[in-house]
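Visitor: need a structure here:
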Amino acid sequence: MSLIEIDDLSVTFTAQGREVRAVQGVSLRVDMRESFGLVGESGSGKSTILRAICGLAPVSGGSIRIGGEALRHDRAFARRVQMVFQDPYASLHPRHTLDRTLSEPLAIHGIGGADQRVMRALEDVGLPSSFRFRYPHQLSGGQRQRVAIARALMLEPEILLLDEPTSALDASVQAEVLNLLARLRAERGLTFLMVSHDLAVIDHMCDRVLVMQHGRAVEELTRAELAGARMQTDYARSLFEASADRLMG
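Guide: This next block holds a predicted model:
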């Protein structure tokens, strides 16, 4: 069953007095418990798709359905879909302790047992309970991203939208966070829609990938096709070769 269905999606907005067609006629399906990747250069529209799902970008055409139902940005949506952003420092309130950051979604939704849930959330993402009353500036980048992931999981969603979740981190920390996400997906039966400019990350994390360029879908690949470099388009092949060059370097 397809948990996320996007049909002929277009996103158009005005920036500095001119019309920007950020996404143009993109369609995709993400099955339940699948990890699906969106890859492309900066400005390809991949992050805009995640923002459209969350109501942070204006949908000018097409449709988005979650679990077969038309998209509605209400409390039920927040319980079902959560997003992890690229920059963990920008996405965490600098004057809130981790305890407040993690317990706030529970308070908003009237969910009790915050103490136990916060402690368990920290444990789930590999952080000691002694971190509970620390502030974001007292953590490393990798630790902050673990907190951002823990916050996204507090309402026990089905779907995580991951917008370049490791690109702001050092290479060694990137691997730790990706492995954490893979473990949590397996343990909780999560569905991922993940954005990255790096095909190596997508290859590690995703079952299928949609390659995007200039707001349009260029080519969809399975993990096996990606691993075997069986691309049909020159653009997808150039992305693959650039990622391979970075790894070799």
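Visitor: For the rest of this, base every contact and every neighbour count on C-alpha atoms.
Guide: Will do.
Visitor: does Gly110 sit in a helix, a strand or a coil?
Guide: Secondary structure, DSSP: H, G, I helix; E, B strand; the rest coil: Gly110 is coil.
Visitor: oh sorry, the question was meant for Ala148
Guide: Here Ala148 is recorded as helix under three-state DSSP.
Visitor: burial count for Asp163?
Guide: 22 (other CA atoms under 10 Å).
Visitor: Just give me the residue closest to the centre of the protein.
Guide: Taking CA atoms, centre = their mean, the centroid of the chain lies closest to Leu162, which sits 0.8 Å from it.
Visitor: quick one: strands adjacent to the helix or strand containing it?
Guide: Applying DSSP states H and E as the criterion places Leu162 in strand 159-163. Strand 159-163 has its sheet partners listed here by DSSP bridges as strand 81-84 (parallel), strand 191-196 (parallel).
Visitor: List of residues touching it?
Guide: Contacts of strand 159-163 with the rest of the structure, by CA atoms under 8 Å, 6 or more residues apart in numbering, involve 47, 50, 80-86, 152, 190-196.
Visitor: next helix or strand past it?
Guide: Scanning forward in sequence from strand 159-163 by DSSP H and E, the next helix or strand is helix 171-188.
Visitor: residues of that following helix that come out buried?
Guide: Neighbour-count burial for helix 171-188, with 16 or more other CA atoms under 10 Å as criterion, is recorded at 173-174, 177-178, 180-182, 184-185.
Visitor: picking that back up, quickly compare the strands paired with strand 159-163 and say which is most buried.
Guide: Counting by mean count of other CA atoms under 10 Å, strand 191-196 has the highest mean neighbour count of those, with a mean of 25.
Visitor: For it, what does the pLDDT average out to?
Guide: Confidence over strand 191-196 (mean pLDDT, whole number) is 96.
Visitor: After that strand, which helix or strand is next?
Guide: Moving toward the C-terminus from strand 191-196, the next helix or strand (DSSP H and E) is helix 199-205.
Visitor: contacts for that following helix?
Guide: Applying CA under 8 Å, 6+ apart, the set of residues contacting helix 199-205 from outside is 35, 37, 39, 178, 182, 194, 196, 209, 223, 226-227, 239-240, 243-244.
Visitor: Just the ones in helices from these, please.
Guide: With DSSP state H as the criterion, helices contain 178, 182, 223, 226-227, 239-240, 243-244 from among the contacts of helix 199-205.
Visitor: which among those end up buried?
Guide: The buried subset of the ones in helices among the contacts of helix 199-205 (16+ other CA under 10 Å) comprises 178, 182, 223, 226, 239-240, 243.
Visitor: Would you point out the most distant pair within those?
Guide: Pairwise distances across these (CA to CA) peak at 23.4 Å, for the pair Ala182 and Leu239.
Visitor: list the buried ones in stretch 34-43?
Guide: Neighbour counts over stretch 34-43 (16+ other CA under 10 Å) mark 34-40 as buried.
Visitor: Out of the helices and strands in the protein, which is least certain?
Guide: Taking mean pLDDT, DSSP states H and E as the measure, the helix or strand of the chain with the lowest value is helix 234-248, at a mean of 75.
Visitor: Any regions of this protein where pLDDT drops low?
Guide: Applying pLDDT under 70 to the chain picks out residues 244-249.
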